[in-house]
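Novice: whatever this is, show me its structure:
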Amino acid sequence: MSSRTAQEVVAQLRSLGDPKAVEGAARFGINVPDILGVSAPALRKLAKEIGTDHRLAAQLWRTGIHDARGLAALIDDPALVTPSQMERWAKDFNSWAVCDAACGCLFDKTPYAWDKAVEWSRRDAEYVKRAGFVLMACLAVHDKKAPDERFEAFLPLIVEQAGDDRNFVKKAVNWALRQIGKRNLRLNERAIQTAHEVRALGTRSARWIAADALRELTGDKVQGRL
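Specialist: Predicted coordinates:
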């Protein structure tokens with residue numbers, strides 16, 4: 001556990017901030033009020049210096065500062081994360097970057113990730129729904145021991161939600177489908193089949209999700225590796 005206070009860490013984050021990076025973030029769809037523009041490498045370096053600290057992570061999250069929340073996701077202890085904490089943080093998601101950091105650096109390492117992936121994929125809030133599919137994608141990459149059946153259970157949800165035309169939702173749906181389809185040959189075949197089901201929905205978002213996924217999943221690079 002670190003001896004640093006949240007106030008000290010926030011002061012350090014402010015010193016690392018870059019106004020030009022804030023402008024750059026806005027161009028990538030990160031339009032939030034409290035953002036300092038700390039680079040991802042600088043956040044990771046600071047997280048390594050601090051180490052794992054559940055209490056400090058909670059304090060940093062409560063500041064509402066975008067960069068502090070990204071750091072919180074990096075230093076929190078997944079063994080101490082509860083479903084109620086996951087729900088509290090998910091309600092606060094206001095950018096794809098914080099959503100993805102929380103899901104891909106922390107939540108996917110908890111035993112609740114599988115259930116939350118299903119629950120959140122059916123929520124209405126844009127970044128909560130995104131979080132459900134980001135969890136699916138991250139579990140597909142990080143959980144090396146999970147059986148195929150657990151990922152196959154996600155595929156009907158991908159079809160179910162592929163009509164959501166919101167940019168940060170459809171990109172996450174696509175991400176989940178592609179990552180599942182890259183795990184092994186069996187899941188590749190199932191994901192390709194799912195992509196055809198998605199395309200048959202006929203909506204603009206569904207057509208984009210399917211075309212992009214099929215391009216990668218049937219491509220030489222993926223097929224050669226599998």
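Novice: could you chop the protein up by domain?
Specialist: For the chain, automatic domain parsing gives the domain ranges 1-76, 95-226.
Novice: among the ones you listed, which is nearest Ser84?
Specialist: In this view, these are compared for proximity to Ser84 by Cβ to Cβ, and domain 95-226 is the closest at 10.0 Å. Glycine gets a C-beta too; all of them are placed from N, C-alpha and C.
Novice: for the helix-or-strand element of the chain with minimal mean pLDDT, buried residues please.
Specialist: Scoring the helices and strands of the chain by mean pLDDT, DSSP states H and E places helix 19-27 at the bottom, with a mean of 78. Residues of helix 19-27 classed as buried under the neighbour-count rule (16 or more other Cβ atoms under 10 Å) are 21-22, 25.
Novice: about what we covered before: dump the domains of the chain to a markdown table, plus distance to Ser84.
Specialist: Written out in a markdown table, the entries for the domains of the chain read as follows (distance: least, Cβ to Cβ, whole Å):
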| stretch | distance to Ser84 |
| --- | --- |
| domain 1-76 | 12 |
| domain 95-226 | 10 |
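Novice: quick one: low-confidence ranges for the protein?
Specialist: Per-residue confidence for the chain (pLDDT under 70) gives these ranges: 1.
Novice: nearest residue to the middle of the chain?
Specialist: Asp100 (2.8 Å; Cα atoms, centre = their mean).
Novice: and which of the buried residues of helix 19-27 is nearest Ala40?
Specialist: Within the buried residues of helix 19-27, proximity to Ala40 (Cβ to Cβ) peaks at Ala21, which comes in at 10.0 Å.
Novice: distance of Arg178 from Ala210?
Specialist: Separation of Arg178 from Ala210 (Cβ to Cβ, to the nearest Å) stands at 11 Å.
Novice: and the longest helix along the chain, how far out from the chain's middle?
Specialist: Counting residues, the longest helix in the chain under DSSP state H turns out to be helix 126-142. Using Cα atoms, centre = their mean, to the nearest Å, the mean C-alpha position of helix 126-142 is found 5 Å from that of the whole chain.
Novice: the residue nearest to the centre of the chain reaches Leu135, doesn't it?
Specialist: No - counting by Cβ atoms under 8 Å, Leu135 is not a contact partner of Asp100; they are 10.0 Å apart.
Novice: picking up where we left off before, gap between the least confident helix or strand of the chain and the chain center?
Specialist: Between the mean C-alpha point of helix 19-27 and the mean C-alpha point of its chain there is a distance of 21 Å (Cα atoms, centre = their mean).
Novice: show me what that helix is packed against.
Specialist: Of the remaining helices and strands, none touches helix 19-27 by 3 or more Cβ pairs under 8 Å, 6 or more residues apart in numbering; DSSP states H and E.
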